[in-house]
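Colleague: sequence and predicted structure, then a few things I'm wondering about:
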Amino acid sequence: MAFTMVTQMGMSDELGNVDLNTDYSQLSSETKQRIENEVRKIIEDGRQRATKLLTEKRKELDLIANALVEYEMLNKDEMERVINGEKLQKPTLPPNVPIKLPELILPPGMGGSGGTTGSETGGGRPSPGGSDGGAKL
């Protein structure tokens, strides 16, 4: 990406807004070295900015990480509230709402012909042996 920025997009104060990619093989070794130096500079500057930002915002990063462990998903508003130290309410489902369980695929020999699937239930799980009372663990 940094190479493209320098050679195709002219994003280099040192080399200017010049197409250095079209005839790259014809460039002098000195010009190629200048391109490489600019690419390294862009990458190093980006690394330093990212490290500084992550270090300065470590507290906020930890708050968001801990909230994601607890809530699994956060929208922008919830992230801002977490950073501001506000407690989020845990989502609740209304009573008697069917829960769609993910499909459970069992290996052959553990429940018949390729497995069983979850169904819309009040929270029960399919048995390991399928609905026919097959293999017990």
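Modeller: Structure's in. What do you need?

Colleague: same for the helix or strand harbouring residue 52, what does it pack against?
Modeller: Secondary structure from DSSP states H and E places residue 52 in helix 29-56. On a contact count with 3 or more CB pairs under 8 Å, 6 or more residues apart in numbering; DSSP states H and E, helix 29-56 meets helix 2-7. C-betas here are computed from N, CA, C, even on glycine.

Colleague: what's in contact with the helix it packs on?
Modeller: Residues from elsewhere that reach helix 2-7 (CB atoms under 8 Å, 6 or more residues apart in numbering): 11-12, 15, 19-21, 24, 35, 38-39, 42-43, 46.

Colleague: Provide a list of residue ranges in the protein with pLDDT below threshold.
Modeller: 93, 111-137 (pLDDT under 70).

Colleague: again, 50 this time
Modeller: 114-136 (pLDDT under 50).

Colleague: any idea where the strands of it begin and end?
Modeller: 99-100, 120-121 (DSSP state E).

Colleague: sorry, back to before: just send the contacts of helix 2-7 back as CSV, with distance to residue 94 and neighbour count too.
Modeller: Output for those, formatted as CSV (distance: CB to CB, whole Å; neighbours: other CB atoms under 10 Å):
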residue, distance to residue 94, neighbour count
11, 54, 15
12, 59, 21
15, 63, 16
19, 62, 11
20, 62, 20
21, 59, 14
24, 63, 14
35, 62, 21
38, 59, 21
39, 56, 18
42, 53, 17
43, 52, 13
46, 48, 12
